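Engineer: With the sequence up front, the predicted model follows.
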Amino acid sequence: TGFSSEIFRLSWNDSAQSPASCIVKLPLPGGSQTEKICREAAFYACLAPQAGISVPRCYSAAEEKGEILVLEDLKDCRFGDESQGCSLREAEAAVDALTGLHARWWNHPQLCAYQWLPRYGNVLRQLEKLPQRRETFFRNYGKVLQHESLELAGALNTRHESVFHRLQQAPETLLHTDSHLDNLAFRDVEGRVEVILFDWQNVSRGPAVVDLALFLVSASTQSCDWEQTAIVKRYHASLSSQGGIDYSFDQFDIDFRIALLRWWIGTVNGFGSPAAQLWSGRQAELAQRSVSHWNDVIRKFQLRELIPQ
């Protein structure tokens, strides 16, 4: 079972059949995530063949509402692991892959034609949740939070909604919106690293920096042998080399930092939620590591400076 769906691997012994296994994805019981499964099915039907990034093959989706997905089994790939981070070679391949996705759909008029594809984010709603979530967050993670991180989480409120207006004005593209390392798979193909991005339940349209920011935070653990800012600059250089994209580094840099701040709010709300109190095992350990890593991100990218005193 995943965080928002049930996942099964089916395999068979008939050597004449290829492939020998597949993944079946279903909504969780109760139907609360049915819309997301339907959105993912629509992505595979409408956009996956021309996404600009490698995705699992979709063998079948339910004809009625898309509530059942049958997908390629990526068992022969190396799966990303947020608790371990990734190598420099994998990080470079990942941001190059994200560039391919974002460049393909940069300010593309077709995105607005898909009624099932929502605009990214409701920042005001996230800010409204903070007062009731952050006390639990502080109680559970206070021991690993540094002063600057505590101060930033405590200072944010609905008055700061205007800080995020800039993201609404940024160039629009196709977003995965859940591009953390655990949703990436890697395999070596002819001397290069191929990146496969899966779990498209939250696909949306919005500013490209949203995907980049989440990948960076999830992939650059303290044990990694690569520098965060170098990967950020690589992404921008690769994006800028695409024809027809005019996105200055100064504009990109501010947008990227605001996207990081947006994910910090999401972290406080998510980790302070009632559901998070039930986490155990790898989920709980990963949450502790993530919060600890945020200390470095908040300091390095000077996120506190984005909030008016």
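Structural biologist: That came through fine.
Engineer: Could you use CA atoms for every contact and neighbour count after this?
Structural biologist: Will do.
Engineer: How far away from the center of its chain is stretch 283-291?
Structural biologist: 16 Å (CA atoms, centre = their mean, to the nearest Å).
Engineer: Rounded mean pLDDT for that stretch, please.
Structural biologist: Average pLDDT, stretch 283-291: 91.
Engineer: who's in contact with it?
Structural biologist: Under the criterion CA atoms under 8 Å, 6 or more residues apart in numbering, residues 82-83, 141, 144-145, 218, 271 lie in contact with stretch 283-291.
Engineer: who's in contact with the closest residue to residue 271 other than its chain neighbours?
Structural biologist: Setting aside the residues directly before and after it, residue 271 is nearest to residue 137 in space (CA to CA, 6 or more residues apart in numbering), at 6.1 Å. Residues near residue 137 by CA under 8 Å, 6+ apart: 268-269, 271-272.
Engineer: Apply 10 Å and report the result again.
Structural biologist: Listed by CA atoms under 10 Å, 6 or more residues apart in numbering, the contact partners of residue 137 are 130, 153, 267-273, 276-277, 291.
Engineer: need those residues in CSV with distance to residue 116, neighbour count and secondary structure, can you?
Structural biologist: Below are the contacts of residue 137 laid out as CSV (distance: CA to CA, whole Å; neighbours: other CA atoms under 10 Å; DSSP: H, G, I helix; E, B strand; the rest coil):
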residue, distance to residue 116, neighbour count, secondary structure
130, 28, 23, helix
153, 33, 22, helix
267, 26, 19, helix
268, 28, 22, helix
269, 26, 24, helix
270, 25, 19, helix
271, 28, 24, helix
272, 29, 23, coil
273, 27, 18, coil
276, 28, 16, helix
277, 32, 13, helix
291, 33, 22, helix
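Engineer: Now for those: which two are most distant?
Structural biologist: Across the contacts of residue 137, no pair lies farther apart than 153 and 277, at 18.8 Å, counting by CA to CA.
Engineer: Which stretches in the stretch 51-200 of the chain count as helices?
Structural biologist: For the stretch 51-200 of the chain, the helices defined by DSSP state H, counting those that start in this stretch occupy 88-104, 123-141, 147-155, 165-169.
Engineer: What residues of the first one count as buried?
Structural biologist: For helix 88-104, the buried set under the neighbour-count rule, 16 or more other CA atoms under 10 Å, comprises 88, 90-104.
Engineer: Show me the domain layout of the protein.
Structural biologist: Segmentation of the chain into domains, based on automatic domain parsing, reads 1-73, 77-306.
Engineer: By mean pLDDT, show me the worst of these.
Structural biologist: domain 1-73 (a mean of 83).
Engineer: Burial check on the closest residue in space to residue 101 that isn't next to it in sequence, number of neighbours?
Structural biologist: Distances taken as CA to CA, 6+ apart place residue 52 nearest to residue 101, at 4.5 Å, with adjacent residues excluded. Counted by other CA atoms under 10 Å, the residues lying close to residue 52 total 18.
Engineer: Likewise for residue 242?
Structural biologist: When neighbours are counted by other CA under 10 Å, residue 242 registers 13.
Engineer: so what's it up against?
Structural biologist: Here residue 242 is in contact with 99-100, 103-104 (CA under 10 Å, 6+ apart).
Engineer: Closest one to residue 19 out of the residues you listed, please.
Structural biologist: Taking CA to CA as the measure, residue 19 lies nearest residue 100 of these, at 27.3 Å.
Engineer: Who are the contact partners of the closest residue to the closest one other than its chain neighbours?
Structural biologist: Spatial nearest neighbour of residue 100, chain neighbours left out: residue 52 (5.2 Å); criterion: CA to CA, 6+ apart. Residues counted as contacts of residue 52 (CA under 10 Å, 6+ apart) are 97-105, 174.
Engineer: Fine by me, thanks again.
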